[in-house]
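Asker: Need coordinates for the below:
(one chain, ligands or ions: 1)
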Amino acid sequence: MLEDLHLSKGTKEEQYQNLLPQIKALLAHETDFIANLANVAAALKEQFGWFWVGFYLVKNEELVLGPFQGPVACTRIKKGKGVCGTSWQQAATIIVPDVELFPGHIACNSLSKSEIVVPIIRGNEVVGVLDVDSDTLNSFDNTDQHYLEEIIASITV
Ligand code: SME
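Answerer: Here you go, the predicted model:
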């Protein structure tokens, strides 16, 4: 298996283009869902250096903290609550340029300033979400949405 990521500098687009085949190679060699989530979180954190990258998984009508990279975080989020619970409820990606302006944002850490949440949808159901937090405002845009959705679609549940 891939032992070291080849990291790139360059534009965000170039960084994703370089990272995407490496993530797909990692996923192709492992079928375990949790192992794959763990490596995706690590690869994204290593390439982009975001403040927090991780997954919440739907368990008994709640999102429960899964594999992540970054500081300790809230462990349970209810449907419709915060950015993660809203993404789950709407089954849609949500980009938050400034978390203080998102009604009901859950502040697991006061250093988090902007955020993107991508749902993991299988069949017609949301089974979890990818949550990425940045310590600067306006970190995420359509490029992140495009590539993160592609990465999420590549993970076999
Ligand atoms: N801010 C998220 C909670 C999860 S943490 O950021 C890791 C939210 O509002 O759902």
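Asker: Strands of the protein, start to end?
Answerer: 52-59, 62-69, 76-78, 94-96, 114-122, 125-134 (DSSP state E).
Asker: Backbone torsions only: list them for residue 111.
Answerer: Note on residue 111: its backbone torsions stand at phi -80, psi -10 [degrees, to the nearest 10].
Asker: how many neighbours does the residue lying closest to it once chain neighbours are set aside have?
Answerer: Leaving aside its sequence neighbours, residue 111 sits nearest to residue 135 (CB to CB, 6 or more residues apart in numbering; 4.8 Å). For the C-beta atoms, the positions are set from N, CA and C on the backbone; glycine is no exception. When neighbours are counted by other CB atoms under 10 Å, residue 135 registers 15.
Asker: Equivalent analysis for residue 25, please.
Answerer: Neighbours of residue 25 (other CB under 10 Å): 11.
Asker: Contacts only, for the residue of the chain found nearest the ligand.
Answerer: Closest to the ligand within the chain is residue 82: 2.7 Å, counting by CB to the nearest ligand atom. By CB atoms under 8 Å, 6 or more residues apart in numbering, the residues touching residue 82 are 104, 105, 106.
Asker: do the same with residue 109
Answerer: Contacts of residue 109 (CB under 8 Å, 6+ apart): 51, 52, 71, 73, 133.
Asker: Which pair in those residues has the greatest spatial separation?
Answerer: Taking every pair in these and measuring CB to CB, the maximum separation is 10.6 Å, between 51 and 73.
Asker: Just want to know which of those two has more residues nearby.
Answerer: residue 51 (21 against 17).
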